[in-house]
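Chemist: give the three-dimensional model of this entry:
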Amino acid sequence: MRIGEIEIPCYVLADGTRVLAQRGLQAGIGLSQGGGKTGSRRIVELMSELADKGVDVRGLIARANSPIRFIPPHGGNPADGYDATILPDICAVLIDAQQKGSLGKGKHREHLAARAAQLQHGFATVGIIALVDEATGYQDFRQRDALAKILEKFVAKELRPWVKTFPSEFYKQIYRLNSWTYTEGSGRPGVIGHWTNNIVYKRLAPGVLDELKRLTPKYPGGDNKNKLFQRLTDDFGHPKLKEHLAAVLMLMKYSPNWRVFMDRLDHEFPQWGSNMMLPFPDNYDPPSETAA
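Modeler: The predicted structure follows:
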C-alpha cells in the first residue's frame with residue numbers, strides 16, 4: 001500500500017480480513033525499528049504514554065497487544081499483522097495528541113505527526129479498505145468471486161432432465177407482436193433463438209448466458225445438444241427463469257407490437273452489463289417470418 005513515499009506491506013486473508021504487516025505498519029507511521037523492541041511494544045508504549053497524558057487512544061493499547069498471526073503468500077514463517085482499520089485510528093490519535101501538545105517535542109515526534117497527517121489525507125481520499133484491495137489485487141478477485149457465487153446459484157453442475165419450460169404462449173406472443181401467423185408444432189425461424197437469449201437469459205443475472213453456453217455441448221452443425229434451461233439449478237435458477245418468463249409474458253400481452261414490447265422490456269428488465277437498446281425508428285417494419 002503506497003501513500004506518497006510511504007509503503008506498508010498489506011494482505012487479504014482467506015476470510016477477507018485486510019491486514020497490514022506489523023513491521024511495515026511501525027515503519028509507516030515513523031517509529032524506528034532499532035533498540036531490540038518489537039513493533040507491538042513500540043506502538044503499545046507510545047499509546048500508553050499518550051494515554052497517561054489524557055489522550056483518548058481508542059483502545060489501541062489492547063489492539064496493538066493482539067496482533068494477527070498469518071502465513072504470507074510466499075510461505076515461510078508466520079508473520080504478525082493488524083486489521084487494516086487500526087492505522088486510521090493510530091493516525092487520528094497522533095494528530096489529536098499533537099493538537100493538544102501531548103505528543104512531545106523533538107524532530108522524531110514532529111516526524112510522527114507529519115506521517116500521521118500524510119496518511120490520514122490518503123485515507124480521506126481513497127479509504128483504507130480500497131487501498132488494501134488495490135494493492136493486493138483483491139478488488140478483481142472480489143468481483144470474480146461475486147460472479148462465481150451468482151453462477152453457482154443459477155447454474156447446475158449436472159444436467160437436469162428435460163421438462164417443458166417455455167410455454168407455447170411465449171412463442172405465440174412473439175409471432176403476434178411481429179404480425180406472423182402462428183401454427184402449433186411448426187418449425188420456428190432461427191432468429192427466435194437469438195431473441196430468446198436476449199429476452200430471457202441475458203436478463204436473468206450477469207454471466208448466466210455465457211456459462212450456460214459454455215456448459216452446453218453442440219452438434220457439428222452448431223446446434224445445442226440440450227436446452228440451456230436444463231443447466232439451471234432446481235432450487236434457484238429454474239424458479240427465477242419461470243418468474244422472469246411470467247413477467248415477460250405480461251409485457252408481451254399488453255404490448256401492441258414488437259417495438260413497444262422491446263422498449264418496455266429494456267426499461268423493466270435491462271440486460272446485465274449492456275447498454276439500453278436504441279429506440280426503433282417510427283417507420284419500423286418487423287421482419288417477415290420468411291426473411292427471418
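Chemist: for the top helix by length along the chain, which outside residues touch it?
Modeler: In the chain, taking DSSP state H as the definition, the longest helix is helix 107-125. With CB atoms under 8 Å, 6 or more residues apart in numbering as the test, helix 107-125 has contacts from 3-4, 6, 28-32, 87-88, 90-92, 94-95, 98, 103, 131. C-beta: built from backbone N, CA, C; applies to glycine.
Chemist: what of stretch 59-67?
Modeler: Here stretch 59-67 makes contact (CB under 8 Å, 6+ apart) with 22, 40, 43-44, 47-48, 51, 80-83, 86, 89-90, 93.
Chemist: Y201: what's it in contact with?
Modeler: 208-209, 212, 228.
Chemist: show the pLDDT at the residue nearest to G207 when sequence neighbours are not counted.
Modeler: Spatial nearest neighbour of G207, excluding adjacent residues (CB to CB, 6 or more residues apart in numbering): L147 at 5.3 Å. L147 is assigned 72 on the pLDDT scale.
Chemist: partner strands of whichever strand or helix holds L20 and their direction?
Modeler: According to DSSP states H and E, L20 maps onto strand 18-21. Note on strand 18-21: by DSSP bridges, its sheet partners are strand 10-12 (antiparallel), strand 79-83 (antiparallel).
Chemist: tell me the gap between it and the middle of its chain.
Modeler: 21 Å (CA atoms, centre = their mean, to the nearest Å).
Chemist: packing partners of the helix or strand following the longest helix of the chain?
Modeler: With elements assigned by DSSP H and E, the helix or strand that comes after helix 107-125 is helix 128-136. Packed against helix 128-136 by the contact rule (3 or more CB pairs under 8 Å, 6 or more residues apart in numbering; DSSP states H and E) you find strand 10-12, strand 18-21, helix 138-154.
Chemist: any buried residues in helix 128-136, and which?
Modeler: 128, 131-133, 135-136 (16 or more other CB atoms under 10 Å).
Chemist: likewise stretch 65-79?
Modeler: 67-68, 70, 79.
Chemist: ok, these vs F154, which is closest?
Modeler: Using CB to CB, the shortest approach to F154 within those belongs to F70, at 33.8 Å.
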